[in-house]
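**Q** next come a sequence and a model predicted from it.
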Amino acid sequence: MRFYPFAVETLTARIRNRSDEESTLDALRDWMATTMADLSSEAPEIQKRVWHERELRAHVINSDDALRARARAGYYEYEQVIATGLGQDLNQPAASLVRRLAAITAVAG
């Protein structure tokens, strides 16, 4: 099985399983830190492969407008997971622009 550290499923689980006292952004921050720590604990050849594949992917995507748009659309799932959590944190309705913009900003960052 290939090691892919940035799976939306792990982010979804982390946000869904956070404590009542923990905000979505705190859970996101912890997910990122844990994900990076997990990657750092992998064998050097796995770390190198993951970063090399991400670098190649970024190069290919950045060289084509259509691929850039498609890649951007690929972040939608991450944005939805974060926006849902933020909506719960802020007691905002599902259609709230505030939670969606905050989620988009978090993912883009």
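**A** Here it is on my side, so go on. Residues are numbered from 1 along each chain as shown.
**Q** what sits closest to residue 30 if chain neighbours are left out?
**A** The shortest distance from residue 30 to any residue other than its chain neighbours is 6.9 Å, reached at residue 14 (Cβ to Cβ, 6 or more residues apart in numbering). (C-beta placed from N, C-alpha, C; glycine too.)
**Q** equivalent analysis for residue 106, please.
**A** Nearest residue to residue 106 in three dimensions, chain neighbours excluded: residue 82, at 5.5 Å (Cβ to Cβ, 6+ apart).
**Q** who are the packing partners of whichever strand or helix holds that neighbour?
**A** Element membership for residue 82 (DSSP states H and E) is helix 76-90. Under the contact criterion of 3 or more Cβ pairs under 8 Å, 6 or more residues apart in numbering; DSSP states H and E, helix 76-90 touches helix 8-16, helix 24-41, helix 97-108.
**Q** residues contacting stretch 73-83, please?
**A** Identification of contacts with stretch 73-83 by Cβ atoms under 8 Å, 6 or more residues apart in numbering yields 8, 11-12, 15, 24, 28, 99-100, 102-104, 106-108.
**Q** let's see 6 Å
**A** With Cβ atoms under 6 Å, 6 or more residues apart in numbering as the test, stretch 73-83 has contacts from 8, 11, 12, 15, 99, 100, 103, 104, 106, 107.
**Q** neighbour-wise, which of these leads?
**A** When neighbours are counted by other Cβ atoms under 10 Å, residue 103 leads the contacts of stretch 73-83 with 25 neighbours.
**Q** tell me the angle the helix or strand where residue 68 lies makes with helix 8-16.
**A** Element membership for residue 68 (DSSP H and E) is helix 65-74. Angle, helix 65-74 to helix 8-16, by axes from the mean of the first three to the mean of the last three Cα atoms, to 10 degrees: 30 degrees.
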